[in-house]
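> sharing a sequence plus its predicted fold:
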Amino acid sequence: MTDGRSGCGLGVGGWLGAGAVALLLAGCGGSKPYVRPGFLDRPPARVAVLPFVITYAYDLASGQAIPESHGIGRDLFRKTFYYALTPLGYHDVKLQEVDQRLIQAWGPLEAGGWRAASPQALGKALEADAVVYGEIDRITHVASPLYTETSLTASLRMVEAASGEVLWRKRVKVAERGGAVVQKGQVVDFVQDQMRSYNPKVKFLRVADVAARQALTGMPNPPLTPAGGIGEEAGQTASGTIRLAILPLAAKKEDWLKAANELRADLAASLQNGTFEVLELQRVNEALTARGWQEGAALPEEPALVEVARALGADLLLRGTVTKWGRTYLAVQSWVKAGLALELLDGASGEVIWSDERRGTRQSGILKGPTGYKSIVTAPITGLRSSHLHRVASHLARAMADELKQSPAVLTYLNEKTPREL
């Protein structure tokens, strides 16, 4: 069991048991985002997400490192936040580029030399208009037979490099608890939760996903402006990068369009890491709008899509449809479900390279083995929470993104052609 925290007004430190952890969480509150007045009048064009740090003052012996699970949670939160930020109208400095430049200027990241640098110095080194700081003042990973908890509380802020002024600030708090003490109803859920709890990467990935969504709620989203990457001309991409444009997702029902937008953002975040350079969603929308498309309408046919790909400089296009979305309740059983069908197209010809259709579900109630009569009633109701539906959708998008990147058809296609030949 490991736990690092600030007191949150309770004046508690050190290592606490499960009951104290629950009490401490109940006493901590979040906050609404702060946005500097006039933010969108002069938004930063290039934004760099700095390494996140844990600010809790551990009581460690000389030479002793922080718990490994805390380092995993810290780094996963940063990566998840970065990939969630990429669909917005900022030009993002890639994390690897940020880390390399910080090391060149101030030495090893863990030594923390870069933390003493001013926003002006950081902006100059990273060639960024603004930098994002992430400070985790509470992080927990508890895994025991009776109680599990993975949680974090953090403050994030975007600072203008030139002036050092805070442009945006948000505090987030997310916790996922389980175990026999707090999870009364489901035998299957209990066993699965116990197995997952001993893998901090799995648990923190879920927590970080919720925290990143929470952090970006209320963040200004400026219109995308042209800006060159480090060492690149404006509008061009680094050699060897495959440009992917994710088109707006269709929906079988009109009231699923909001869900379609969320799943599209999830796909963009999941596909950023690795093979593709995912073009900003706003830029894709603008290219479609210039050809007569309106939000919520059907996409143009392949010939027009090829023109869109050419205008964007996109090598590949990803389109899809939300096939399932919603919640079902039947007295002693409930389901949340999401379904998605995707197609990957060659940007030059419109040829379909890869396609897949999947569904994600989460059920609660008697079919999952309730352990008490009270749970037969309450489990199906709590299983209908919107957070469960969004989690299912997020996992579905991530699974389909992984399938796309690992597909033999896609890998063969990419190996046969260089980006400039596509």
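That came in fine, so what should we check first?

> which residues does Glu343 bridge with?
As for beta bridges, Glu343 partners with Arg319, Ser355 under DSSP bridges.

> quick one: contacts for it?
Leu318, Arg319, Gly320, Val352, Trp354, Ser355 (Cβ atoms under 8 Å, 6 or more residues apart in numbering). Any C-beta I mention is one placed from the backbone N, CA and C, and that applies to glycine too.

> and it, how far is that from Leu318?
7 Å (Cβ to Cβ, to the nearest Å).

> got the contact list for the biggest helix by length in the chain?
In the chain, with assignment by DSSP state H, the single longest helix is helix 386-406. With Cβ under 8 Å, 6+ apart as the test, helix 386-406 has contacts from 206, 209-210, 213, 259, 262-263, 266-267, 270-271, 274-275, 318, 325-327, 336-340, 342, 344, 354, 356, 358-362, 410.

> just the helices in the stretch 151-300 of the chain please.
187-197, 200-216, 257-271, 281-289 (DSSP state H, counting those that start in this stretch).

> if we can go back for a sec, now do the longest helix of the chain against helix 257-271, angle only.
Angle between the axes of helix 386-406 and helix 257-271 is 50 degrees (criterion: axes from the mean of the first three to the mean of the last three Cα atoms, to 10 degrees).

> of the contacts of Glu343, buried ones?
Buried by 16 or more other Cβ atoms under 10 Å: Leu318, Arg319, Gly320, Trp354, out of those.

> nearest spatial neighbour of the first one, skipping sequence neighbours?
Among residues not flanking Leu318 along the chain, Ile246 sits closest, at 4.8 Å (Cβ to Cβ, 6 or more residues apart in numbering).

> equivalent analysis for the last one, please.
Computed as Cβ to Cβ, 6+ apart, the closest residue to Trp354 that is not its neighbour in sequence is Leu344, at 4.2 Å.

> so who does that neighbour touch?
Here Leu344 is in contact with Leu316, Leu317, Leu318, Val352, Ile353, Trp354, Ser355, Leu404, Val410 (Cβ under 8 Å, 6+ apart).

> that's a strand at the second one, yeah?
I take that to be Leu317. Yes: under DSSP: H, G, I helix; E, B strand; the rest coil, Leu317 falls within a strand.

> show me where the stretch 301-422 of the chain has strands.
All strands of the stretch 301-422 of the chain, identified by DSSP state E, counting those that start in this stretch, fall at 316-329, 333-346, 352-365.

> how close does Asp41 sit to Val35?
12 Å.

> which of these two has more neighbours?
Using other Cβ atoms under 10 Å as the criterion, Asp41 and Val35 rank with Val35 on top: 17 against 8.

> please consider this matter closed, and thank you.
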